Every structure is written in structure tokens, then in C-alpha cells.
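> give me a 3D structure for the following:
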Amino acid sequence: MTDLRSHRAMYLKAVLFLVIGVSGSALLLAENFHWRTALLLALTIWAFCRSYYFAFYVIERYIDSRYRFSGLGSFVRYLITKNPPPL
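Numbers count the residues shown, from 1 in each chain. Just a heads-up that it's a prediction; the model follows:
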């Protein structure tokens, strides 16, 4: 599979991810609304966003600039083997 290069497709992908996230969160809260549930959901989303940022931006910019990750599987392989994925 080749890299996604179309700007329109990238924007569409981002919008679809946003729709999935908002829909899932809204359905979860509609089914079981409680302030504690809303807070835990917000904290979970924030924590996963920060870990994703760490896995790609922080590792590449501050820890090991030689490595480029193509996805979470590549990041896990890096953590386990400390070998760079093929470029």
C-alpha cells in the first residue's frame, strides 16, 4: 500500500476520525451519563492523544532522530528490538 498523498483524502480521513470519536463518545455518555463517566472519558482521550504524540513526535524529534515510524506497530517493534524499521 502506498502513502496517502491527496490533501483532500487526508482532510476527509481526519473528519471521519472526528465523526467516529464524537459519535462514540456521545453514544457512551447517552447510555450511561454521569459526571464521573464524562471525566474519565475525557482523561482517557487526552492520555491516548499524549501517548500517540510521544510515540511519533517526541521519539523522532528529541530521543532518536534516526528513526521514522510508519504506525503503532513500527513503534512497538522499535521499543522491543531497538532496531530501526527499514527505510
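
> hmm, which helix or strand of this protein has the shakiest average pLDDT?
helix 72-81 (a mean of 82; mean pLDDT, DSSP states H and E).

> test for you: state the pLDDT assigned to P85.
On pLDDT, P85 comes in at 51.

> ok, L41 next?
93.

> which residues does it contact?
S25, L28, L29 (Cβ atoms under 8 Å, 6 or more residues apart in numbering). Any C-beta I mention is one placed from the backbone N, CA and C, and that applies to glycine too.

> could I get the helix or strand hosting it in PDB with only the CA atoms?
Using DSSP states H and E, L41 sits in helix 35-53. Taking C-alpha atoms only, helix 35-53 is exported to PDB below (Å, rounded to 0.1, in the frame of the first residue of the first chain):
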ATOM      1  CA  TRP A  35     -20.100  13.300  35.500                       C
ATOM      2  CA  ARG A  36     -17.500  10.700  36.600                       C
ATOM      3  CA  THR A  37     -18.000   8.800  33.300                       C
ATOM      4  CA  ALA A  38     -17.600  12.100  31.300                       C
ATOM      5  CA  LEU A  39     -14.400  13.000  33.200                       C
ATOM      6  CA  LEU A  40     -12.900   9.500  32.800                       C
ATOM      7  CA  LEU A  41     -13.700   9.500  29.100                       C
ATOM      8  CA  ALA A  42     -12.100  13.000  28.700                       C
ATOM      9  CA  LEU A  43      -9.000  11.900  30.600                       C
ATOM     10  CA  THR A  44      -8.700   8.600  28.600                       C
ATOM     11  CA  ILE A  45      -8.900  10.500  25.300                       C
ATOM     12  CA  TRP A  46      -6.400  13.100  26.500                       C
ATOM     13  CA  ALA A  47      -4.000  10.300  27.700                       C
ATOM     14  CA  PHE A  48      -4.200   8.400  24.400                       C
ATOM     15  CA  CYS A  49      -3.600  11.600  22.400                       C
ATOM     16  CA  ARG A  50      -0.500  12.400  24.500                       C
ATOM     17  CA  SER A  51       0.900   8.800  24.200                       C
ATOM     18  CA  TYR A  52       0.400   9.000  20.400                       C
ATOM     19  CA  TYR A  53       2.200  12.300  20.300                       C
END
